[in-house]
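Novice: starting from these lines, generate the structure:
(chains A and B)
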Amino acid sequence: MREFLIQKLGHTLIVVFCVLTLVFVVLHATGDPVMMMLPSNASREEIDALTRSLGLDRPLIVQYGHFLARVARGDFGVSLQHQQPAMGLVVERLPASMLLAGSALALALAVALPLGIFAAARRGTALDHLAVGLAALGQSAPIFWTGLMLMLLGAVILKILPTSGYGTWRHLVLPALTLASYPMAAMARLVRSGMLEVLDADYVRTARAKGLPERGVVLKHTLKNAAMPIVTVVGLQFGLLLGGAIVCEMIFAWPGVGRLMIFAIYNRDFPLVEAAVFVMAMVFVLGNLLVDLCYAWLDPRIKLQA
Amino acid sequence: MPRRVPPVLLLAVAPVAAAVVCAALAPQLAPYDPTRGDLSARLQPPAWTAAGSARHLLGTDQLGRDILSRIIFGARVSLLVGVVSSLIGGTIGLTLGMLGGYFRGRADSVVAKLIDVQLAFPFLLFAITVIAVLGPSLPNLLIILALSGWVTYARVVRGQTLSLRETEFIQAARGLGCPAWWILLRHVLPNVLSYALVIMTTEIGRLIVLESTLSFLGLGVPPPTPSWGLALADGKEYLINGWWLATFPGLAIMIVVLCMNVLGDGARDLLEPRLRGRGRG
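Specialist: This next block holds a predicted model:
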């Protein structure tokens, strides 16, 4: 187990390093950050002053070292627009994003698991077809359209939920539903196909032959063994959830990291973009690490292979 | 041996074919210029509603532009982006996958590392970062989207090439002294191409959604080019007094992507029966 943990942590560190390098290269090698940060009518003196204060007159490799050292201290500089430390601004918005993503994931699991299990157990019936159709539909609709349509339904036609904002559970309903729609569909499909595969296995036939009630067969023998692909899907959905959260926050004016980042891009506030990208990448990497640990917990054979 | 084509596939072909026709013949099909607005006819509801007029079947937007014309022209951007970027991505993935799988060793571990790094980073985040710096434009969008897709091709093609290189006909070709590039082009490529084509069918749908998402965020095709994602972004501001602005472009995306996904599943079943059931609901 310890070796497995160390290996995974090492992998995580490599990915974090790659992300940092990418952020550095994208912001430093594709243009002059000073020109991006200053307004287009800046004077020569202003440009020189900022170049020196940012250390951009030094060799690239030295700059890269300084960048890594700053990041290690959690210092991403000061947001140009807010005039506050960029990292602080991002961390401030993190709970709102986590609340949105967490509720969406919980909601998706709460619907997809029973739906997928039910569809697999009743394979070929009208209910199965309905579940498969709904899942295909949910996977085809772009998330922002789902969001707008839910907004239209809940806030404009039925007038029971607010269109945007943050604070009460009523504000959370529409964004969470929107964000949950895609992972819900993807998970339901994979839970169903995972269950179908296992339902044909020899030990399931044995369990049935021994006269176990069908409910026991499905819930005890099948579900546990179908859990592995389900965890994989949850892990794969994590990145989509993160990307979806950005879109969702934009639609519903949800004060999270994604919205902060998009506005920082519009305003060319690069320190803030750097900090936001870094934090989101960290959340993603840690989420994947968690999924890997779940694997080891679910399937003891993995520990031996590590 | 001819196989029976499932009816659901035939049903899915129609909307995709319609989108292709719209993209090809947009100037002939569209009733109005998609970029020119008629300010006296702003926010007109669709023809079948009480306040609608027969002149604009799906209504007009906030600048009085005909929604139907914008959807017809929008098919151009969506299909162009979907097809071109999946072709570029497919070519990169196919090449890297074949090279890694055939030569193994160091080449293979470089390809495997590249795949790992790309999968370890949420793609939308990467796209947003790059576009934030390079600025939104159609060529930038094509490159970014192409980079998002190559991994899937590379993984599948690499696996297939690994097992192909051990087959007798490839061993025989090598024994006869054929150079590696000849074996890759004449013997490996034809055998992995069908896998790549199957992936491409589903990739196009995914890339269309990704393009519209980036356009929706203001990071895709710059206005006033008619794009389905841009049309939706406009519609967001007019949800209360113009529900049709966002509804119809979104429906267009959803129907085309749904049909592409169905076609992708169908193509996989027809071309590669061995893959049947994998990842399928």
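
Novice: when you work out contacts or count neighbours from here on, use the C-alpha atoms and nothing else.
Specialist: Fine.

Novice: got a list of contacts for stretch A:154-171?
Specialist: Residues outside stretch A:154-171 that contact it (CA atoms under 8 Å, 6 or more residues apart in numbering or on different chains): A:M151, A:L153, A:L172, A:V173, A:L174, A:I251, A:F252, A:A253, A:W254, A:P255, B:L239, B:I240.

Novice: go through that stretch and flag the buried ones.
Specialist: A:G154, A:A155, A:V156, A:L161, A:P162, A:T163, A:S164, A:H171 (16 or more other CA atoms under 10 Å in any protein chain shown).

Novice: repeat for stretch B:101-116
Specialist: Buried-residue list, stretch B:101-116, by 16+ other CA under 10 Å: B:G101, B:Y102, B:R104, B:D108, B:V111, B:A112, B:I115.

Novice: the residue nearest to the last one when sequence neighbours are not counted: which element?
Specialist: Think B:I115. Counting by CA to CA, 6 or more residues apart in numbering or on different chains, B:I115 lies nearest to B:V151, which is 5.9 Å off, once chain neighbours are set aside. Assigned by DSSP states H and E, B:V151 falls within helix B:138-164.

Novice: same question for A:E46.
Specialist: A:E46 belongs to helix A:44-53, assigned by DSSP H and E.

Novice: with B:G97 instead?
Specialist: Going by DSSP H and E, B:G97 is in helix B:67-103.

Novice: and the next helix or strand past that helix?
Specialist: Using DSSP H and E, the first helix or strand after helix B:67-103 is helix B:105-119.

Novice: could you list every helix and strand in contact with that following helix?
Specialist: Applying 3 or more CA pairs under 8 Å, 6 or more residues apart in numbering or on different chains; DSSP states H and E, one finds that helix B:105-119 contacts helix B:67-103, helix B:138-164.

Novice: what residue ranges in chain A are flagged as low confidence?
Specialist: A:1, A:27-40, A:54-56, A:229, A:232-233, A:236, A:299-306 (pLDDT under 70).

Novice: in it, which residue sits closest to chain B?
Specialist: A:R189 (4.3 Å; CA to the nearest CA).

Novice: pull the number of nearby residues for that residue.
Specialist: By other CA atoms under 10 Å in any protein chain shown, 29 other residues sit near A:R189.

Novice: returning to what we had before: okay, the buried residues of stretch B:101-116 in JSON lines with pLDDT and distance to B:T167 next?
Specialist: Putting those into JSON lines (pLDDT from 0 to 100; distance: CA to CA, whole Å) gives the following:
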{"residue": "B:G101", "pLDDT": "82", "distance to B:T167": "13"}
{"residue": "B:Y102", "pLDDT": "84", "distance to B:T167": "12"}
{"residue": "B:R104", "pLDDT": "80", "distance to B:T167": "15"}
{"residue": "B:D108", "pLDDT": "80", "distance to B:T167": "19"}
{"residue": "B:V111", "pLDDT": "81", "distance to B:T167": "22"}
{"residue": "B:A112", "pLDDT": "79", "distance to B:T167": "23"}
{"residue": "B:I115", "pLDDT": "79", "distance to B:T167": "26"}
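
Novice: farthest-apart pair in those, please.
Specialist: B:Y102 and B:I115 (16.6 Å; CA to CA).

Novice: please settle this for me: is B:V16 part of a strand?
Specialist: No. Checked against DSSP: H, G, I helix; E, B strand; the rest coil, B:V16 lies outside a strand; its state is helix.

Novice: can you tell me how far it is from B:C259?
Specialist: 7 Å (CA to CA, to the nearest Å).

Novice: tell me which of those two has more neighbours.
Specialist: B:C259 (26 against 19).

Novice: need the contact list for that one.
Specialist: B:C259 touches B:A12, B:V13, B:P15, B:V16, counting by CA under 8 Å, 6+ apart.

Novice: one more time with 7 Å
Specialist: B:A12, B:V13, B:V16 (CA atoms under 7 Å, 6 or more residues apart in numbering or on different chains).

Novice: nearest to chain A among those?
Specialist: B:A12 (12.8 Å).

Novice: about what we covered before: next, count neighbours for the residue nearest to B:I115.
Specialist: B:V151, neighbours per other CA under 10 Å, totals 25.

Novice: ok, now B:F123?
Specialist: B:F123, neighbours per other CA under 10 Å, totals 20.

Novice: go ahead and flag the most central residue of the chain.
Specialist: Picking chain A for this. When CA atoms, centre = their mean is applied to chain A, the residue found nearest the centroid is A:L242 (2.5 Å).

Novice: to clarify, I was referring to chain B.
Specialist: Most central in chain B (CA atoms, centre = their mean) works out to B:I204, at 2.2 Å.

Novice: now the helix or strand A:T21 falls within against helix B:105-119, angle please.
Specialist: Assessed by DSSP H and E, A:T21 sits inside helix A:2-29. Interaxial angle of helix A:2-29 relative to helix B:105-119 (axes from the mean of the first three to the mean of the last three CA atoms, to 10 degrees): 80 degrees.

Novice: next one: helix A:2-29 to chain centre, how far?
Specialist: Centroid separation for helix A:2-29 versus its chain: 17 Å, with CA atoms, centre = their mean, to the nearest Å.

Novice: which strands and helices lie in contact with that helix?
Specialist: Contact partners of helix A:2-29 among helices and strands, from 3 or more CA pairs under 7 Å, 6 or more residues apart in numbering or on different chains; DSSP states H and E: helix A:270-298.

Novice: which elements pack onto the helix it packs on?
Specialist: Against helix A:270-298 (3+ CA pairs under 7 Å, 6+ apart) you get helix A:2-29, helix A:86-121, helix A:223-252, helix A:257-266.

Novice: tell me the gap between the last one and the middle of its chain.
Specialist: So that's helix A:257-266. 16 Å.
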